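> Predicted coordinates and the sequence they were generated for:
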Amino acid sequence: MPAPPLLPELTAQVRAAAHVRTSACPCGITTTLADRPDATVVRHADTVAKAHAPDMTRADLAPRLTVAAAIPDVLLPPLSPTPVALHGRLVTFWPYGTPVDPDTPDAAPWEAAATLLARLHRTPPPPGTPTMRGPAKAAHAVARLRDAAPHPAVPPVLRAWDTLPAWARAEAPMPHTGTLCHGDLHLGQLVRHPAPEGPWLLIDVDDLGVGVPAWDLARPAAWYACGLLPPGEWARFLAAYRAAGGPAVPVDGDPWPALDVPARALTVQTAARAVAKAVAAGRPLDEVEQSVVDACDRMATVPPQLTQEHAK
């Protein structure tokens, strides 16, 4: 028997939750913000409901929601720290925040993102905080690529993956697990709350946990290394993180010994996802996708910079 449709019932639940929060709801349409296998997100008025990935358990999610509720000046707090079940998926409810506008890249809040990350990394993790899921997500992307149909881009991506230490491939524990990390930092993980012009906050706690803080800087670092992020924007991000006391990199000097392994892992993850999607769609790689595959090809010939901590 096929599973009952999730979206209509999630829509009904977010409407009900919005109406409980305010009597002034204009009761317009409910907007689907995302509908992917790993997350379905809908909005009605000032309320957002998220159906998490099917493999997300209460034991995984509850402590992450508790962390978000405890630091509302860094993470958008949930409306309730207790998820509800819907068709085998856990659902959480959140206030709506204004996202980053992808059409105005010059206004991207790199300083705000870096400052929030530094504050998150300096927050003592509560007892019972799970492990950050960044390396596990990268490993999952590579596993999907191995299962995809043959493609010329697959071998260089896998060669680059094989140069990484075991912890970055989720084959061994992370070498540093005392820092609270976001686990999946990119500009889509920031919103202004209260909408539309409140302060920036981080969202999406699914990968939150203790781990290597450099992982949270790895995606912009990888974009910079691949030529996808201008040097000026990378410099702004890095300077703001350092100014806010972020512990992932030294306060001055070369940051790359700390960033190289995570940045390589995020480059491989990005390339693996891009190639798998292109193969599934039967289309060639676009220019950006090819650039990260080319970066993997280069990476496979140059060993990563390994700090003593990251060499395992």
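Perfect, thanks for sending it. Residues are numbered from 1 along each chain as shown.
> Do you have the strands of the stretch 201-312 of the chain handy? List them.
209-211 (DSSP state E, counting those that start in this stretch).
> all helices for it, in order.
Remark: helices assigned in the stretch 201-312 of the chain by DSSP state H, counting those that start in this stretch are 215-225, 231-243, 256-281, 287-299.
> do the same with the stretch 1-150 of the chain
6-21, 58-70, 110-121, 134-147.
> gap between Ala238 and Ala168?
Wrong residue type there; residue 238 is Leu, not Ala. As judged by CB to CB, to the nearest Å, Leu238 and Ala168 stand 21 Å apart. All C-beta atoms are positioned from the backbone trio N, CA, C, and that covers glycine.
> Those two: who's more crowded?
Ala168 (28 against 20; other CB atoms under 10 Å).
> Now do the contacts for that one.
The contact partners of Ala168, by CB atoms under 8 Å, 6 or more residues apart in numbering, come to Pro135, Ala138, Val261, Pro262, Arg264, Ala265, His310.
> Can you tell me the closest non-neighbouring residue to the second one?
Yep, that's Ala138 we're talking about. Distance criterion CB to CB, 6 or more residues apart in numbering; nearest residue to Ala138, sequence neighbours excluded, is Gln269 at 4.0 Å.
> Touching, that neighbour and Leu145? I think so.
No: the criterion here is CB atoms under 8 Å, and Gln269 misses it with Leu145 at 9.6 Å.
> Flag the shaky bits of the stretch 1-150 of the chain, pLDDT-wise.
Scanning the stretch 1-150 of the chain with the threshold set as pLDDT under 70 gives 1-4, 26.
> same deal with the stretch 201-312 of the chain?
For the stretch 201-312 of the chain (pLDDT under 70), the answer is 306-312.
> go again using 80 as the cut-off
305-312 (pLDDT under 80).
> can you pull the contacts of the one residue sitting closest to the centre of the chain?
When CA atoms, centre = their mean is applied to the chain, the residue found nearest the centroid is Asp184 (2.0 Å). Each residue near Asp184 by CB under 8 Å, 6+ apart is listed here: Arg133, Gly134, Lys137, Asp204, Asp206, Asp207.
> Neighbours of the residue nearest to Arg133 when sequence neighbours are not counted, how many?
Once flanking residues are discounted, Arg133 sits nearest to Asp207: 4.1 Å by CB to CB, 6+ apart. Burial measure for Asp207: 23 neighbouring residues, criterion other CB under 10 Å.
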